[in-house]
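Enquirer: Build me a model from this:
(chains A and B)
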Amino acid sequence: MARSLAPASLVAPRPAPQSRHGLLSELRERFFGNRLSTLTTLVILALLLQVLPDAMAWALVHPVWSADAELCKQAMGEGACWGVVAEKYRVIIFGYYPFNEQWRPLVATLLMVALLVASCTRALWNRWLVLLWFSVMLAVFGLLGGGYFGLAPVPTDRWGGLPLTVLLATLSIVAAFPLAILVALGRRSDMPAVSAVCTVYIELIRGVPLISVLFMASFLFPLLMPTGNKIDVLLRVFIGITLFAAAYTAEVIRGGLQAIPKGQVEAAQSLGLGYWQTQGKIVLPQALSMVVPGVMNNFIGIFKDTSLVTIVSLYELTGALGLALNSDPDWRPYKLEGYIFITLIYFCGCYAMSRYSLWIESHLSRSRAR
Amino acid sequence: MGVYLAHNAANNLRLRGIKSGFDFLFQPAGFDIGEALIDYDSAHSYLEAVLVGLLNTLRVAVIGIVLATVIGTAVGIGRLSRNALLRGLCRVYVEFFRNVPVLLQLLMWYLILTEMLPAPDEPLYFGAGFYLSKGGFNFPLPEWAFGHFTLALGVAAGAMAAFAWNLRERRIFERTGKEPRVLLAAIGWLLGLGVLGWVLGGAPHAMRMPEAGAFAIEGGGAVTPEFLAVLTGLTLYTAGFIAEVVRAGIQAVPRGQDEAAKSLGLSSAQEMRLVLLPQALRIIIPPLTSQYLNLTKNSSLAVAVGYPDVVSILNTSINQTGRAVECIAIIMLVYLATSLFTSALMNWYNARAAIRER
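Expert: Okay, the predicted model is just below:
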């Protein structure tokens, strides 16, 4: 006889679940949910109490805010010397750029940031934006390079600091994206020569570090030019970063292309669309909207990677800090404060980009939901 | 176009009087290298200098990969914790380390390690022979003896025994359904046979202890601040990315799996080990591989803090010989080979973790 699965007696009623509303029970759930959680909270609090008060005192309570090297020396070890930023911010932000002309890179940077913000604003997404890009970039180069309207000419090797970082990142992103689309399409092409060239390009670039691509740009490109022609150092570095970024972005886009069902292409073809029409009107719009997070990640990567050009002697933000402090024995001891300052600048840029990426994602998922 | 570029290059090389070819590799390099794992001085050839650099790159990459995996996994799991404080702390870690350029982080660590620490004549002492100072990190090393060889033999035998034990337990499991107990037994075999080998070899326990001298710390093992800066910077940066990979992998396992495991009566440790991790690993491994490759490639930034990795040494070689084409070709070859090797290894592991479809 099969044993009955039903219990012999009634199961005692369970108590009603505890209320999860109210601040106190919310806090209890979040920080003291069970024994392990309580222990974790206590350990972390103890650690934070060890570290935070000292760090706060150093950074905010006892620091020297004024550009006074004597005061900084006295405060050494107890308080930070933010005076180093007050004293050197012109060199940190603008690098070698001629001192009296530094309003020009300032205006150029503001223009570029405004352009980027405008490009991220949905209300402005129309064809006038392209014209805006052209005119603003023209103005930026005019301002930085000079030589017109009575502006003194400034050669590119004296450009530096934050304007150079923003300029390199913006240009590389704008140039790498279309190149990446072409290469991604090329890798999936039916023509064996095209797909072989694209595959070799992608795998070769992705296999090596950016530094070696930059070395290649600074040592090899001059060799490849017709004798007597010089290729500008900024242009070389820009080409290097663009080629590097395009290979990575192409792989992300290829992922999106592969996710488009074959039926879409077949439907487009049976409607009589040609290759470019099929890709441009049917495949790419769907594929690109799928890979927004990956592409934005790559863009953030490009922004961070511009810091590497300091190794091939262009003084962007990271390089300009060394320029400002390394040769000045009075302020050199406060390099850490300088690093923290530019760390904050980079962090703000990257964080803003990642938040924007989340916004686009939610925007696109809204358009996909029916 | 290719012909045109090659023609230009040949012309330029001729005009500048640069010879080409790889023969320079066998000439004496003429520069010293701060830290070398193999015997090297400036009379050795460029080829040997490159080899020293390659070993330095691999050393920092391998140790970095192991540490970044450990820290990254811990932080990634921490981001899913029930405890809001731990969750927040892990999130701050990830956001901070991912959003600051790795080069800047390396430079900051280098600054901290070479300027904020006490001088080598009054180092920080952690006890048991571990010192930290501007001169780097010093630690005790065992004096080499025959017993270490037998110890290694014992550990190898232990590994084989553990493997055999695993097969046996699995057979028993398949026949009777008795749950296999592998982990403890494997540790037991490794430790037991290792200690046995050590004792049979005469139980050597002499250590080379570093000692604080008048000006510097002498004896024992040592790593330079350059190595430490590169290692710390790369590890913490990559760990931020690995944490996100791990978190996404665990979150991608459908909730039903977790509920099914609970309703089967598995304990939470069993659930993690038998249900969640095997499925999460499948999702984690491919992006994890690319993080490992990124770490290896980013180790080339060592050139910025003066750690003699392969890129830094070839950069010096370019400046000395002018053979830019050849040296850059070597850099690319080295990294391509490393990348291909790592991805082959991870693909093999991935194939083992993948779903076996029938």
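Enquirer: ok, so what distance separates the residue most central in space within chain A from chain B?
Expert: Taking C-alpha atoms, centre = their mean as the criterion, A:I300 is the residue nearest the geometric centre of chain A, at 2.1 Å. A:I300 is 8 Å from chain B, where distance means C-beta to the nearest C-beta, to the nearest Å. Using the backbone N, CA and C atoms, a C-beta is placed for each residue, glycine as well.
Enquirer: I figured that residue hits A:F347, correct?
Expert: No - using C-beta atoms under 8 Å, A:I300 makes no contact with A:F347, being 11.2 Å away.
Enquirer: buried ones in the lengthiest helix in chain A?
Expert: Secondary structure assigned by DSSP state H gives helix A:335-368 as the longest helix of chain A. Within helix A:335-368, the residues scored as buried using 16 or more other C-beta atoms under 10 Å in any protein chain shown are A:335-339, A:341-343, A:346-347, A:349-350, A:353-354, A:356-357, A:360.
Enquirer: which of those are close to chain B?
Expert: Applying C-beta under 8 Å from any C-beta of the partner chain to the buried residues of helix A:335-368, one finds that A:K335, A:L336, A:Y339, A:I342, A:T343, A:Y346, A:F347, A:C350, A:S354 fall near chain B.
Enquirer: list the contacts for the residue nearest to B:M116 when sequence neighbours are not counted?
Expert: Distance criterion C-beta to C-beta, 6 or more residues apart in numbering or on different chains; nearest residue to B:M116, sequence neighbours excluded, is A:L336 at 7.2 Å. Residues counted as contacts of A:L336 (C-beta atoms under 8 Å, 6 or more residues apart in numbering or on different chains) are B:M108, B:L111, B:I112, B:M116.
Enquirer: Arrange these in JSON lines, one row each, with secondary structure, neighbour count and pLDDT as further columns.
Expert: Output for the contacts of A:L336, formatted as JSON lines (DSSP: H, G, I helix; E, B strand; the rest coil; neighbours: other C-beta atoms under 10 Å in any protein chain shown; pLDDT from 0 to 100):
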{"residue": "B:M108", "secondary structure": "helix", "neighbour count": "19", "pLDDT": "91"}
{"residue": "B:L111", "secondary structure": "helix", "neighbour count": "16", "pLDDT": "89"}
{"residue": "B:I112", "secondary structure": "helix", "neighbour count": "16", "pLDDT": "87"}
{"residue": "B:M116", "secondary structure": "helix", "neighbour count": "11", "pLDDT": "78"}
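Enquirer: from the residues you listed, which single one is nearest chain A?
Expert: Nearest to chain A, judged by C-beta to the nearest C-beta, of these is B:M108 at 4.9 Å.
Enquirer: need the contact list for the closest one.
Expert: A:L336, A:Y339, A:T343, B:G233.
Enquirer: ok, those vs A:L321, which is closest?
Expert: Relative to A:L321, the closest of these is A:Y339; by C-beta to C-beta it sits at 6.9 Å.
Enquirer: Now the closest one: closest residue in space, sequence neighbours ignored.
Expert: Among residues not flanking A:Y339 along the chain, B:M108 sits closest, at 4.9 Å (C-beta to C-beta, 6+ apart).
Enquirer: Does the closest residue to A:P98 other than its chain neighbours belong to a helix, a strand or coil?
Expert: Once flanking residues are discounted, A:P98 sits nearest to A:V154: 6.2 Å by C-beta to C-beta, 6+ apart. Under DSSP: H, G, I helix; E, B strand; the rest coil, A:V154 falls in the coil class.
Enquirer: okay, now A:W125: neighbour count?
Expert: A:W125 has 11 neighbours, counted by other C-beta atoms under 10 Å in any protein chain shown.
Enquirer: which regions of the chain sit below the pLDDT cut-off?
Expert: Chain wasn't specified; assuming chain A. Chain A contains residues with pLDDT under 70 at A:1-7, A:18-20, A:227-229, A:367-370.
Enquirer: please go with chain B instead
Expert: By pLDDT under 70, the weakly predicted segments of chain B are B:16-20, B:212-217, B:219-220, B:354-358.
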